[in-house]
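J.: below is the sequence, then the predicted model.
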Amino acid sequence: MEIALEDVIIPVNGFFSDAMSDKEFFDFCQQNEILRVERDENKKIIIMAPTNMDTGRQNADVSAELAIWNKKEKNGFCFDSSTGFTLPDGSVRSPDASWMRNEKWNEVPKKDKRKFAHVCPDFVIELKSPSDNQKYLTNKMHKWIENGCSLAWLINPDKKTVFVFRKDGTVDKIAGFNNVLSGEDVLPGFKLDLSILL
């Protein structure tokens, strides 16, 4: 198996990740539950470092805003940063926060919900921590969209910028945390006041 920290790949135990089936990868993650693990479309395993306190606080605040909106609207389900999704390209990704509409949730077989379900959320948020590589995260956001996500936000607290990725391929850059993000037609009525991240 190969373990990669973004672009750095470390061979482990003489195995290669492309030899791991979906079940083997799921079992590997369960056996190493203290690690936050993803797998890219080339079957390389990515180990992500824990977040610092500031990033953890910001991620909790953003996730809470999404959950509060969803509890009121009741038109979908929210997921935390530990949730793995198996995407059409074969990768297994875990965004910092995500949301899926009821109709899509209901289409996922019950037994699949106990694994890294073969489904892409409709909306994802990735929050860049100081140790994250911007180019890597930008590529990851494009992969979310290519795999069926309708709206994705990449938030960079250090630079106080947000990149908004949409299913039509457009990408907008929003500068300054004095702005309010809109869930657009994907999450009608959802607003995120970026000032909570200051």
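T.: Cool, got the structure.
J.: give me the number of residues near the spatially closest residue to R36 that is not a sequence neighbour?
T.: Sequence neighbours aside, M48 is the residue nearest to R36 in space, at 4.5 Å (criterion: CB to CB, 6 or more residues apart in numbering). The C-beta positions use only the backbone N, C-alpha and C, and glycine is treated the same way. Counted with other CB atoms under 10 Å, the neighbours of M48 add up to 16.
J.: touching, M48 and T55? I think so.
T.: No: if you go by CB atoms under 8 Å, M48 and T55 don't touch, sitting 11.5 Å apart.
J.: please enumerate the helices of the protein.
T.: In the chain, the helices defined using DSSP state H lie at 22-31, 53-73, 102-107, 134-146.
J.: mind giving me the packing neighbours of the first one?
T.: Helix 22-31 makes packing contacts with strand 36-39 when contacts are defined by 3 or more CB pairs under 8 Å, 6 or more residues apart in numbering; DSSP states H and E.
J.: which elements pack onto the strand it packs on?
T.: helix 22-31, strand 45-48, strand 92-93.
J.: quick one: pLDDT of the residue nearest the centre of the chain?
T.: Nearest to the geometric centre of the chain sits P95, at 1.4 Å (CA atoms, centre = their mean). Listed pLDDT for P95 reads 97.
J.: over to P50?
T.: 88.
J.: same deal with the one 5 residues further on?
T.: Per-residue confidence at T55 stands at 95 (pLDDT).
J.: same thing with T83?
T.: 97.
J.: so who does N147 touch?
T.: Contact partners of N147, counting by CB atoms under 8 Å, 6 or more residues apart in numbering, are 87-89, 91, 120.
J.: now render the residues you listed as CSV, adding neighbour count, distance to W99 and pLDDT.
T.: What follows is those, written out as CSV (neighbours: other CB atoms under 10 Å; distance: CB to CB, whole Å; pLDDT from 0 to 100):
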residue, neighbour count, distance to W99, pLDDT
L87, 23, 16, 98
P88, 12, 19, 98
D89, 13, 21, 97
S91, 21, 19, 96
C120, 23, 11, 98
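J.: thanks a lot, see you next time.
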